[in-house]
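>>> Fold the following for me, if possible:
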Amino acid sequence: MEAIEPIKMIAETLITLFQKEQSNKEQCKRLANCITTLVETLTALQKQDFGKNVKPLEARLAALKEVLDSAEAFLKKWGSTNKLFRFFKANKTEEKLQDLFQQLEDERKQLCFFLQVEQRDEMDNAKKKLDAVNETVKRTEDQVTAVHDVLENTNKTINSVDEEVGAIHNEVKKMNDALDNIVKRGETQNTVEQKHSSGAVQVQNASPSIQDSVQLLDKIRPEFVRGVSAAVINLLLDDLQQDRVLNALEVESIREENPARADKARVLIKLVLNKGKKSSEKMINHLIKHDPDFSATLGLC
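Next up, the predicted model:
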């Protein structure tokens with residue numbers, strides 16, 4: 001505030017004058033201390049922003065300036081008088097200094113009141129801001145808690161769905177196994193009936209000898225790739241895995257990496273041929289068992 005600086009200059013001048021004054025030393029020292037405290041209060045007021053409340057403060061500063069101007073005029077007049085005049089006016093001078101001290105002290109208290117009000121307003125504003133921040137933090141915490149609850153419920157739902165899906169998969173596997181067993185029993189029965197009705201084939205003649213099984217399987221390779229059905233391929237894969245001719249990774253690779261039927265057949269027969277005579281013999285036997293008509297066309301039985 002611009003009005004404070006000139007007042008401080010007057011006050012600092014008065015402090016110097018009171019400190020130099022030789023008569024009424026106690027009173028002058030007391031006044032100098034009072035004005036020093038007043039200057040500190042004015043300095044504190046300079047750092048505040050009074051906003052709309054500046055007019056009452058300006059009125060108070062104007063009153064203070066009048067008191068300081070009066071004190072300065074008194075000191076200058078008093079300093080110019082001779083010692084004899086001061087002697088006769090000593091009592092009146094002391095009363096004047098006492099009155100001046102009281103006026104300055106009253107003005108200091110009034111300014112301190114303004115300072116306290118402004119500081120209290122700042123504290124109130126700071127408290128309001130802090131309360132707003134705390135409220136925001138509380139709302140954020142509530143939102144985070146709500147999100148955590150949603151995530152927890154979602155995880156529970158996902159776990160429940162996973163369990164249900166797992167149970168369904170198990171049931172489907174059981175059904176597939178049962179169907180495979182039914183198909184195998186039906187095909188085996190058909191083969192036996194056909195052999196009995198023809199009266200021409202014996203079980204021991206159905207399988208080629210170990211010595212020529214690789215050559216025979218290699219010989220029928222083209223016709224096998226062209227004519228074998230997808231269902232028979234799947235049955236052969238299951239049987240050969242059960243016989244440990246093929247492992248699970250090989251069976252999965254044939255099924256997953258070869259979408260076309262012919263590709264599955266080509267990879268399967270090549271893989272079995274590479275495993276030797278016993279593996280080739282087992283594949284021929286399983287082929288005769290699952291598809292005797294096709295096997296007869298290939299010359300296997």
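>>> how about the helices of the stretch 151-300 of the chain, start to end?
203-206, 213-219, 221-227, 230-242, 248-257, 261-274, 277-290, 292-298 (DSSP state H, counting those that start in this stretch).
>>> Could you single out the most deeply buried of those helices?
Highest mean neighbour count among the helices of the stretch 151-300 of the chain (mean count of other CB atoms under 10 Å): helix 277-290, with a mean of 21. Heads up, the C-betas are built off the backbone N, CA and C, glycines and all.
>>> before we move on, the earlier item: determine which of the helices of the stretch 151-300 of the chain approaches residue 62 most closely.
helix 248-257 (96.3 Å; CB to CB).
>>> Need the contact partners of that closest one.
Contact with helix 248-257 is made by 234, 237, 238, 240, 241, 246, 264, 267, 268, 271, as judged by CB atoms under 8 Å, 6 or more residues apart in numbering.
>>> swap in stretch 5-25?
28-29, 31-32, 35-36, 38-39, 42-43, 46, 61, 64-65, 68-69, 71-72, 75, 79, 86, 90, 93-94, 97.
>>> Dump the contacts of helix 248-257 into JSON lines; add distance to residue 287 as well.
Below are the contacts of helix 248-257 laid out as JSON lines (distance: CB to CB, whole Å):
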{"residue": "234", "distance to residue 287": "13"}
{"residue": "237", "distance to residue 287": "12"}
{"residue": "238", "distance to residue 287": "13"}
{"residue": "240", "distance to residue 287": "10"}
{"residue": "241", "distance to residue 287": "15"}
{"residue": "246", "distance to residue 287": "14"}
{"residue": "264", "distance to residue 287": "14"}
{"residue": "267", "distance to residue 287": "16"}
{"residue": "268", "distance to residue 287": "11"}
{"residue": "271", "distance to residue 287": "15"}
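>>> Go through these and name the one nearest residue 284.
Using CB to CB, those come closest to residue 284 at residue 240, 11.4 Å.
>>> what about the residue lying closest to that closest one once chain neighbours are set aside, neighbour count?
Leaving out its chain neighbours, the residue that sits closest to residue 240 by CB to CB, 6 or more residues apart in numbering is residue 246, at 4.5 Å. Residue 246 is flanked by 24 other residues according to other CB atoms under 10 Å.
>>> Tell me how far residue 246 lies from residue 105.
Distance of residue 246 to residue 105, given as CB to CB, to the nearest Å: 109 Å.
>>> and residue 48, backbone torsions?
phi -100, psi 160 (degrees, to the nearest 10).
>>> for residue 275, same thing?
Here is the backbone geometry of residue 275 (degrees, to the nearest 10): phi -90, psi -10.
>>> Can you select the buried ones from the contacts of stretch 5-25 in ChimeraX?
If you want just the buried ones from the contacts of stretch 5-25 in ChimeraX, going by 16 or more other CB atoms under 10 Å, the selection is:
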select :28,31,32,35,38,39,42,61,64,65,68,71,75,93,97
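>>> Among the contacts of stretch 5-25, name the ones in helices.
Among the contacts of stretch 5-25, the members found in helices (DSSP state H) are 28-29, 31-32, 35-36, 38-39, 42-43, 46, 61, 64-65, 68-69, 71-72, 75, 79, 86, 90, 93-94, 97.
>>> Show me the domain layout of the chain.
Per automatic domain parsing, the domain ranges recorded for the chain read 4-137, 197-298.
>>> for the record, mean pLDDT for the shortest one?
What that stands for is domain 197-298. The pLDDT scores in domain 197-298 average 87.
>>> for the first one, same thing?
Rounded to a whole number, the mean pLDDT of domain 4-137 is 75.
>>> tell me the contacts of the residue nearest to residue 240?
Contact partners of residue 246, counting by CB under 8 Å, 6+ apart, are 237, 240, 254, 271, 272.
>>> And residue 43, by the same measure?
Residues in contact with residue 43 (CB under 8 Å, 6+ apart) are residue 8.
>>> Report the separation between it and residue 36.
11 Å.
>>> TSV for the domains of the chain, including distance to residue 150?
Below are the domains of the chain laid out as TSV (distance: least, CB to CB, whole Å):
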stretch	distance to residue 150
domain 4-137	20
domain 197-298	37
